[in-house]
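Participant: structure, please.
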Amino acid sequence: MAETDDLAVLPDLTEDMMNTALQQRYLSHRIYTYVGDILVAVNPLQQLPLYTPDVASKYRNTPKQQAPPHVFALADSAYHSLLRTETPQVCVISGESGAGKTETTKFFIRHVIECASQSVGEGRPRSIVEDKIMQTNPILEAFGNAQTVMNDNSSRFGKFVELKFTPGGAVTGASLSFYLLERSRVISQGGGEQNYHVFCYLLAGVSDTVRQSLQLKHPDHYSCVTYDPSRTREYAEGWAGLMESFSVVGFPSTDVDMILSVVAAVLHVANLQFEQGSNGGAQVSTPETLASAAAVLSVDETHLVEAMIKTTLEMRGEIIVKEASPPQARSTRDAMAKSLYGRHFAWLVQQMDRLLAPKDGQQHLSIGVLDIFGFENFRTNSFEQLCINLANEQLQFYFNQHIFSQELSEYADEGINGASIVFSDNIQVLDMFYRKLGLLALLDEDSRLASATDESLVSKFNKTLEGSSGYEQLRHNLSFGVRHYAGTVQYSAENMLQKNRDPLPQPVLDLLSSSKNSLVREIFTPESNGALSNSRNSGSFNLLRMFSKRGRSTKQVAPSKAKDAKGSTKGSVKAMPRKSVKKQVGFRTPAPAKGSKVGKETVSWQFKESLKDLMMRINESQPYFVRCIKPNQEKQPNLYEPVFVLRQLRYTGMLETTRIRREGFSVRLPFADFFNQFRGVCFLFSDKKTKGSATTCRTILEAASRRLANVKFGTQPALDGWQIGKTKVFLK
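Facilitator: As a prediction, the model looks like this:
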């Protein structure tokens, strides 16, 4: 199987066969493998000569079948399909941390741009706009990537890059979007992990003049940064590369200065300490740090103290000001640091999106690349994992429809009747999240109620979602389960409401929105909140619209009421009017709960809106899929752990390919192969003249069916469910 570039051609593809084939290919340094239209990329964890200019040249305007599997092949196919059909293309790249998603994304984008350069002008250097697009990646990595126990350069956000082209194939610009930045990392990291790269870059590379203006001290001074002195040179080089990227992309020096001031402000704010004062409330125990934070934020120091150590409550129309306890003050400090970094990151992406936008204002052809976080199931799963896994559940639904479409297409090409074939999907799980009284609506409802608690949230889940095929009630009163496509995940509801509310006290908002630092003031003004929420569209959106067409196809899968053990729905494959599908599940904005405060968007609401926007764009495109796999947990090359990989194949949905095949015709053999393998049933082996054909294969199958029907002993089932296509035999 190591020689098989496309596992979909195997007559009987099972999960064990897939895993074994990937292992054999990986150990022979063939890290790329096709499974139909899907590319599996196993991280080599070492440098291999797979991305040189000579290799890249072999994948320019080259049919997929004429070169070994490679991410360059997908990029080349997407580019030329775009020019040929003028239909938007999209490549969805997924996998767990350390699987190689970031590098795969860079290779895909690089090759598309090189294809465009060669197509427009043979041998010409990259244009200015092409260089700008390539230089956005170091900026995104500096501010959005961090070292984790699983990956030294882990993306802590999802991103969607959309390259823009003229009808002739020239690159005209790009657009950027991001999803769910991990803001909690700003204030704390687990053992063996670090904060975002930019903090170490800043502390190692900034000039003495800038260091003084930002009032920065030795790296050891900052509690939220783990600084490795042995890597100072590496950090300084990262800083130099970041400054070069800012220049190439087109950031004015004044903007760069403001960006750095916000990064420094986060360091100062996160370093603030509090103790109990004589009045029983909190007081700042680090006055020098307070002065630095106020100076860099360009706010009044006294007002900053008041905003941190006072709490306000609204009761019966009156505002009551109370002294905050030290834990409450620390909570405000953390919320402020996270909000500063999160809003600043959103602004940064928004600025790059503006600087890369095509200048003519015309409609352009596009190729999108989605680098998205993989499915997660840890010992403790919380709000962050709920959002991440919902995104993966959504993408898995889209992926399944793509595979369904492929199966139906092959049946149609072979003249096979697929009306009786039943496929299952995860629509019931998504409906449990999105319906009017679904999990997201209930979460938002309680997030808007001051009286709601984590316990009352789980109680509401259990009462309202009881009986839902995607929901599992657990004994622990602060936990609940969701039956995802990759398996059941137990979620802890502890602090879930707090995380979804993402509270920042009004005095802090008022203070920062009046800052003399124009960037701080901009990202905290009420008008900017919507613009920075990364939600481009509003209004209702039906989830099932996203698979109503694949490119221009309108085939859909109509679910029946039958449910399998995993909470998926089964239904016969047939075309369905969109109107009848709309009622089943959709992105719905929940109505405010009675007595709740309206107007503040919750984190889950913002995430749902950005996910809605993403799926709308993907739905309009011709899809390509790359499933990135990490071969082992030790980050060692030439080591493949089958059990570890099998779990990822399940989490990336690759095993769904084999499941969907089993639900249809799991074995499909060309006439010649089938005849040569089974000719002994009713043909002589000495007969060299008779060949495999529709007629001879049918003769064999009918003879085998008669023999099995005459079996009087044992449990041998009758041979049924087979069909003869135009070139193949299809068996269940």
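
Participant: at which residues are the strands of the stretch 451-600 of the chain located?
Facilitator: Taking DSSP state E, counting those that start in this stretch to define them, one finds strands in the stretch 451-600 of the chain at 471-473, 479-484, 487-492, 569-572.

Participant: what comes into contact with the second one?
Facilitator: Pointing back at strand 479-484 there. 375, 386, 389, 392-393, 426, 429, 432, 439, 458, 461-462, 469-474, 488-493, 566-567 (C-beta atoms under 8 Å, 6 or more residues apart in numbering). Any C-beta I mention is one placed from the backbone N, CA and C, and that applies to glycine too.

Participant: pull out the buried residues from it.
Facilitator: 479-480, 482-484 (16 or more other C-beta atoms under 10 Å).

Participant: nearest to S253 among those?
Facilitator: H484 (47.3 Å; C-beta to C-beta).

Participant: just the C-alphas of the one helix or strand D131 maps to, formatted as PDB.
Facilitator: Assigned by DSSP states H and E, D131 belongs to helix 128-144. Taking C-alpha atoms only, helix 128-144 is exported to PDB below (Å, rounded to 0.1, in the frame of the first residue of the first chain):
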ATOM      1  CA  ILE A 128       4.600  44.400  -4.500                       C
ATOM      2  CA  VAL A 129       1.100  43.200  -3.700                       C
ATOM      3  CA  GLU A 130       2.300  39.600  -3.700                       C
ATOM      4  CA  ASP A 131       5.200  40.500  -1.300                       C
ATOM      5  CA  LYS A 132       2.700  42.200   1.000                       C
ATOM      6  CA  ILE A 133       0.500  39.100   1.200                       C
ATOM      7  CA  MET A 134       3.500  36.900   2.000                       C
ATOM      8  CA  GLN A 135       4.700  39.300   4.700                       C
ATOM      9  CA  THR A 136       1.400  39.300   6.600                       C
ATOM     10  CA  ASN A 137       2.200  35.800   7.900                       C
ATOM     11  CA  PRO A 138       5.200  36.900  10.100                       C
ATOM     12  CA  ILE A 139       2.900  39.600  11.700                       C
ATOM     13  CA  LEU A 140       0.100  37.100  12.300                       C
ATOM     14  CA  GLU A 141       2.600  34.600  13.800                       C
ATOM     15  CA  ALA A 142       4.200  37.200  16.100                       C
ATOM     16  CA  PHE A 143       0.900  38.300  17.600                       C
ATOM     17  CA  GLY A 144      -1.200  35.100  17.300                       C
END
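
Participant: which other residues reach the next helix or strand after it?
Facilitator: As assigned by DSSP H and E, the chain's next helix or strand after helix 128-144 is strand 145-146. Residues outside strand 145-146 that contact it (C-beta under 8 Å, 6+ apart) are 102, 153-156, 185, 189, 193-197.

Participant: re the thing from before, now the contacts of strand 479-484: which count as buried?
Facilitator: 375, 386, 389, 392-393, 426, 429, 432, 439, 458, 461, 469-472, 489-493, 566-567.

Participant: packing partners for the helix holding D131?
Facilitator: helix 101-120, strand 158-165, strand 171-179, helix 197-205, helix 232-249, helix 326-356 (3 or more C-beta pairs under 8 Å, 6 or more residues apart in numbering; DSSP states H and E).

Participant: want to throw those into TSV with mean neighbour count and distance to T699?
Facilitator: Formatted as TSV, those follow (neighbours: other C-beta atoms under 10 Å; distance: least, C-beta to C-beta, whole Å):
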stretch	mean neighbour count	distance to T699
helix 101-120	22	48
strand 158-165	23	54
strand 171-179	22	56
helix 197-205	24	67
helix 232-249	17	68
helix 326-356	20	63
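
Participant: helix or strand for V321, which one?
Facilitator: Short version: V321 belongs to strand 318-323, going by DSSP H and E.

Participant: give the contact list for V729.
Facilitator: 668-669, 671, 674, 697, 701, 722-723.

Participant: quick check: the spatially closest residue to it that is not a sequence neighbour vs Q394, distance?
Facilitator: Excluding the flanking residues, the one nearest V729 by C-beta to C-beta, 6 or more residues apart in numbering is F674, at 4.5 Å. As for F674, its distance to Q394 is 39 Å (criterion: C-beta to C-beta, to the nearest Å).

Participant: return the member of the contacts of V729 nearest to P229.
Facilitator: For the contacts of V729, the residue nearest P229 by C-beta to C-beta is R668; the value is 60.3 Å.
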